[in-house]
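Trainee: give me a model of this one.
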Amino acid sequence: MPEPVERNLGLDLVRVTETAAMGAARWLGRGNKEAADQAAVDGMRLHLSTLDIDGLVVIGEGEKDSAPMLYNGERVGTGDGLVVDVAVDPVDGTTLTASGMPGAIAEGRGTMYAPGPLVYMDKIAVGPEAAGVVELEAPVEHNLRQVAKAKRKEVNDLRVLILDRERNQHYIDGVRQAGARISLIRDGDVAGAIATAQDDTAADVLLGIGGSPEAVIAAAALKCMGAEIQCKLWPRNDDEKQLAVEEGLDLDEVMGTNQLVSSDNVFFSATGVTGGEYLRAVEFRREDHVVTHSVIMRSKTGSIRYMEATHNIARLSQISARTLD
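Mentor: So this is what the prediction gives:
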């Protein structure tokens, strides 16, 4: 007789990302990224503490000395339930144009890659149709031809997402030379990676150097979607190269989806803040009503849910210590 599928923690995790998104969205346009980030952290930390998990933060706000909450190595949850690794990115992006609030949980301890002090990775991400046909270290044109063949497109019909940073200029030049289209994104390469696996976003490839924490969180989502990401640590200078040696990190290793997140039971949730490639923005409607748009995924079942929720802030403030200040 088939066993019942255990509880989908993604449905609990979405409460975490919803609260973070609503808190950060209040700061949109105010020019205070730190306040937006703090509002997101406060919301995430509050709701993570209520989940029946024995969680360890692998990807968080930083090391303990510089991050008062959700620091790397912090224990979260009630201590009961599944033993899990937790990755959170309270703001997916470095500015107030951040597109979403993502979080991921993977069953088992040590199932998420911890990049340590190296904050950047070189990346390529593709959707399910092109999974297994690209190589991070191959020439850009070769990879684009492989993706085009897998998706039955012409190279000049492909849309490539690249973080708009000077360090990615060689990727921009390579894509243009190959003849594909480019969309430069200001922030949020978690959202960009996921967009490559969405049928309705018309994004085919994510390329470029971006955050290491975002790579791990993106891997959690792409694992749920049957897609692929490949990454390699990218030191910014000689000091970081030496730091990698001291930490025992292999700068030549190309890591795939399963090396970044090895668990077969992964939960992912994200809630839109300003809106982006695949999620709509937080909407402040009537005086005390806020609408959020989220996605919830699970690797074990392959389920992907989209959720629109209306929140009555007046009622929530009566029962929760965290309101939208």
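
Trainee: from now on I want contacts and neighbour counts done on CA atoms only, so please keep to that.
Mentor: Will do.

Trainee: over to A39. Which of the three states is it?
Mentor: helix (DSSP: H, G, I helix; E, B strand; the rest coil).

Trainee: give me the number of residues near it?
Mentor: Residues lying near A39 (other C-alpha atoms under 10 Å) number 26.

Trainee: hmm, it is touching L28, no?
Mentor: No: assessed by C-alpha atoms under 8 Å, A39 is found out of contact with L28, at 11.7 Å.

Trainee: beta partners for G210?
Mentor: The bridge-partner assignment for G210, based on DSSP bridges, gives M121.

Trainee: and it, what does it touch?
Mentor: Contacts for G210 (C-alpha atoms under 8 Å, 6 or more residues apart in numbering) come out as 120-123, 163, 189.

Trainee: out of the residues you listed, which is most surrounded?
Mentor: Using other C-alpha under 10 Å as the neighbour test, the contacts of G210 are led by D189, with 29 neighbours.

Trainee: quick one, helices of this protein?
Mentor: Under the criterion DSSP state H, the chain contains helices at 10-25, 33-48, 140-151, 169-178, 189-195, 212-225, 238-247, 257-260, 313-319.

Trainee: with mean pLDDT and distance to A87 added, can I get these in CSV?
Mentor: Formatted as CSV, the helices of the chain follow (pLDDT from 0 to 100; distance: least, C-alpha to C-alpha, whole Å):
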stretch, mean pLDDT, distance to A87
helix 10-25, 87, 11
helix 33-48, 80, 11
helix 140-151, 98, 29
helix 169-178, 98, 28
helix 189-195, 89, 12
helix 212-225, 95, 6
helix 238-247, 93, 21
helix 257-260, 97, 11
helix 313-319, 71, 26
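
Trainee: make CSV from the ones you listed and add distance to A203 to it.
Mentor: Output for the helices of the chain, formatted as CSV (distance: least, C-alpha to C-alpha, whole Å):
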stretch, distance to A203
helix 10-25, 24
helix 33-48, 28
helix 140-151, 11
helix 169-178, 14
helix 189-195, 6
helix 212-225, 14
helix 238-247, 32
helix 257-260, 19
helix 313-319, 35
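
Trainee: out of the ones you listed, flag the one nearest G60.
Mentor: Distance to G60, taken as C-alpha to C-alpha, is lowest for helix 212-225 among these, at 7.9 Å.

Trainee: which elements pack onto that closest one?
Mentor: Applying 3 or more C-alpha pairs under 8 Å, 6 or more residues apart in numbering; DSSP states H and E, we find helix 212-225 packed against strand 82-88, strand 100-107, strand 120-126, helix 189-195, strand 228-233, helix 257-260, strand 266-272, strand 289-298.
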